[in-house]
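# Sequence isn't available, so here's the structure alone:
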C-alpha cells in the first residue's frame with residue numbers, strides 16, 4: 001500500500017550523491033520524507049477511533065487483526081526510494097505507506113469490484129468505498145488528493161537542490 005510520487009531526475013545525480021558520500025544522499029532522503037510528511041499526517045488524522053462497532057478481537061493464523069486505531073495511525077510513514085524505471089531514467093520517489101495489517105484491511109477492504117462481503121460492505125457504508133474515488137476512500141485517498149500537488153513540488157525542489165549541489 002504505497003502512494004508514490006515520482007520525479008524524474010538525471011541518473012547521474014544519484015551516482016554523484018553517492019560519490020560525495022552518504023551525507024548528501026541522506027539529506028535528499030530526509031527532504032523527500034519531509035515533503036511527504038503532511039500527506040502522512042492527513043492520512044493519520046482520517047483514521048477513526050473505531051472503524052466498525054463490531055470489529056473486535058480478530059486473530060487469523062496467529063496474527064492479531066483486531067482494530068487498534070493507534071497502531072493504524074502510527075503505521076503511516078513517509079518514505080523515500082530511488083530506482084531506475086523501465087525507460088532507464090532514475091526516479092526519486094516520495095511515498096507514504098501503512099504496513100500494519102489493520103491499516104491494510106481498513107484502507108483496502110471493499111475497494112475492489114467484488115461484492116457481497118458483509119464486513120467490507122459495512123466498512124464501505126460507514127467510511128466510504130474505493131480508495132481512489134473522488135470524495136470517497138479511506139485515509140489514503142483523501143490525503144493523497146489533498147496533498148499530491150504540494151508534495152510533488154517539494155520533492156521536485158529537493159531533487160533540484162541536490163542536483164545544484166553536485167553540478
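All right, it came through fine. The shown structure was predicted, so the numbers you read here are calculated from the model rather than taken from an experiment. Numbering: from 1, shown residues only.

# Spatially central residue for this structure, please.
In the chain, the residue lying closest to the centroid (C-alpha atoms, centre = their mean) is residue 96, at 2.1 Å.

# Off-centre distance for the longest helix seen in the chain?
Counting residues, the longest helix found in the chain (DSSP state H) is helix 140-166. Centre-to-centre, helix 140-166 and its host chain are 13 Å apart (C-alpha atoms, centre = their mean, to the nearest Å).

# Please work out the average pLDDT along it.
Mean pLDDT, computed over helix 140-166, is 81.

# other SSEs contacting it?
strand 2-9, helix 11-20, helix 22-45, strand 90-98 (3 or more C-beta pairs under 8 Å, 6 or more residues apart in numbering; DSSP states H and E). (Each C-beta comes from the backbone N, C-alpha and C, glycine too.)

# quick one: low-confidence ranges for this structure?
For the chain, residues meeting the criterion pLDDT under 70 lie at 1-24, 88-90, 110-116, 128-137, 166-167.

# Mind doing that once more with 80?
1-27, 54, 56, 82-93, 108-141, 159-167 (pLDDT under 80).

# And the longest helix of the chain, what's buried?
Burial within helix 140-166, assessed by neighbour count using 16 or more other C-beta atoms under 10 Å, is assigned to 140-145, 147, 151, 154-156, 158-159, 162-163.
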